[in-house]
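Participant: what's the 3D shape of this:
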Amino acid sequence: MSTINYARLEGIQKSELPGAIIMAAVYLPLFIFNVIRSIRHPTYVLVVLSFFCIVRVTAFTLRAILAGSDNAGENVSLVIAELVIYSVGFFGLLYSAYTLVLDRERMVGRGKPLPGPISFLITIISNRTIIRVALTAAVALGVAAGSMLDSSQQSTLNTANSLRKASIYIFLAVSACLVLVASHLAYEEIHGVPRRFCRLMFAYMRSAGPTNHDAPVGRRYRIFVLLAIAFLCLAREAFYAATANDVVRQDNPRLWYPLSALTELLAVLLFAVPGLVPSRREITEADEQLKATDLDSDLELHRGGRSA
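Facilitator: Reported below is the predicted structural model:
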């Protein structure tokens, strides 16, 4: 009696064994690196990013086992575990990127509100609670879809496929929102709050002094790095959305590795740019300096009104 190799049905081929091993080997030092950074400079972004890296180590290790062992590929539970762990693990990267952008926006401060519905949209998609709920829903749908994949009922499999697509589309929507928020932050830094931002950054650099977190690359090109991370997340999820109805094409290693695995890895590597991720202390100091700057501006306006 012939057995079914579920890993091969899901597109995991022997030829991708070296690739899976390399990806697991790359993510392991990234996990250690981000754990060390999160200890030295505590921040939620680095904690969640560390979680994402260890999830990827686990997922690619499972993928390497499934690619290299026919016996492992016949274990449907192991195949489902790899699929679920990889798909829902994107939560860590996307939420880290979103949190980083919102932290930077908080440090810069809001400028003059944009007109009409644009301002309302930015306010909604900048709400951390809403984004957290949306991502949690995407993860829950992905896990639920995975738990149904071993069913022999076609109706159950159809439901699993619908849940999988819903999870993909939620991740896509949040990725698009990330690009919008990052673009809005770029607008704020360049046009929206130039005077207050420059005064705030000057005060911050003067008080903090030269440190690793104030390295020139992170300070000068921060917004471009954030935009690159946002667009990499969007590109990754756009690939899944575009191939949602063609699983065979989606699982093709020639497409999957560059458009899914590589885009995620590049985004994680960009988080290592010096000066990009602020610590809690830096965010708190920026808040205090922002309040002081706003107070000085109010006093100047008050004096100007009295002199007039």
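
Participant: so which helix or strand takes in the residue positioned nearest the centre of the chain?
Facilitator: Centroid-nearest residue in the chain: L94, 2.1 Å away (criterion: Cα atoms, centre = their mean). Using DSSP states H and E, L94 sits within helix 76-108.

Participant: what helices or strands is that helix leaning on?
Facilitator: helix 6-9, helix 44-68, helix 128-147, helix 154-187, helix 194-208, helix 222-242, helix 262-270, helix 280-307 (3 or more Cβ pairs under 8 Å, 6 or more residues apart in numbering; DSSP states H and E). (Glycine included, C-beta is placed from N, CA and C.)

Participant: pLDDT score for F197?
Facilitator: Looking at F197, its pLDDT reads 47.

Participant: Adjust the sequence numbering to begin at 287 for everything that follows.
Facilitator: Noted, 287 is the first residue going forward, which turns the last one into F483.

Participant: contacting residues around T344?
Facilitator: By Cβ atoms under 8 Å, 6 or more residues apart in numbering, the contact set of T344 is I371.

Participant: how much space between it and L427?
Facilitator: 21 Å (Cβ to Cβ, to the nearest Å).

Participant: Kindly export the host helix or strand of A358 (C-alpha atoms) in CSV.
Facilitator: Element membership of A358 [criterion: DSSP H and E] is helix 356-359. Extracted C-alpha coordinates of helix 356-359, given in CSV (Å, rounded to 0.1, in the frame of the first residue of the first chain):
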residue,chain,number,x,y,z
ASP,A,356,10.4,11.1,3.1
ASN,A,357,9.2,9.5,6.3
ALA,A,358,8.8,12.9,7.9
GLY,A,359,6.8,14.1,4.9
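
Participant: List the buried residues of it.
Facilitator: Neighbour-count burial for helix 356-359, counted by 16 or more other Cβ atoms under 10 Å, picks out 358-359.

Participant: Can you spell out which helices and strands pack onto that helix?
Facilitator: Counting by 3+ Cβ pairs under 8 Å, 6+ apart, helix 356-359 packs on helix 292-295, helix 330-354.

Participant: for those, which one ends up most surrounded?
Facilitator: Comparing the helices and strands packed on helix 356-359 by mean neighbour count (mean count of other Cβ atoms under 10 Å), helix 330-354 comes out on top with a mean of 22.

Participant: ok, back up a step: just the helices and strands packed on helix 362-394: most buried one?
Facilitator: helix 330-354 comes out most buried of the helices and strands packed on helix 362-394 by mean count of other Cβ under 10 Å, with a mean of 22.

Participant: what residue ranges in the stretch 387-536 of the chain score low on pLDDT?
Facilitator: Scanning the stretch 387-536 of the chain for pLDDT under 70 picks out 395-402, 477-506.

Participant: hmm, try it at 90
Facilitator: Low-confidence segments of the stretch 387-536 of the chain (pLDDT under 90): 389-409, 432-443, 470-509, 532-536.

Participant: before we move on, the earlier item: just put the helices and strands packed on helix 362-394 in JSON lines and tack on distance to E302.
Facilitator: Listed next are these as JSON lines, based on distance: least, Cβ to Cβ, whole Å:
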{"stretch": "helix 292-295", "distance to E302": "10"}
{"stretch": "helix 330-354", "distance to E302": "5"}
{"stretch": "helix 414-433", "distance to E302": "20"}
{"stretch": "helix 440-473", "distance to E302": "21"}
{"stretch": "helix 480-494", "distance to E302": "46"}
{"stretch": "helix 508-528", "distance to E302": "17"}
{"stretch": "helix 548-556", "distance to E302": "13"}
{"stretch": "helix 566-593", "distance to E302": "40"}
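
Participant: rewinding a little: give the next helix or strand downstream of the helix holding L380.
Facilitator: Following helix 362-394 in sequence order, the next helix or strand is helix 402-411 (DSSP H and E).
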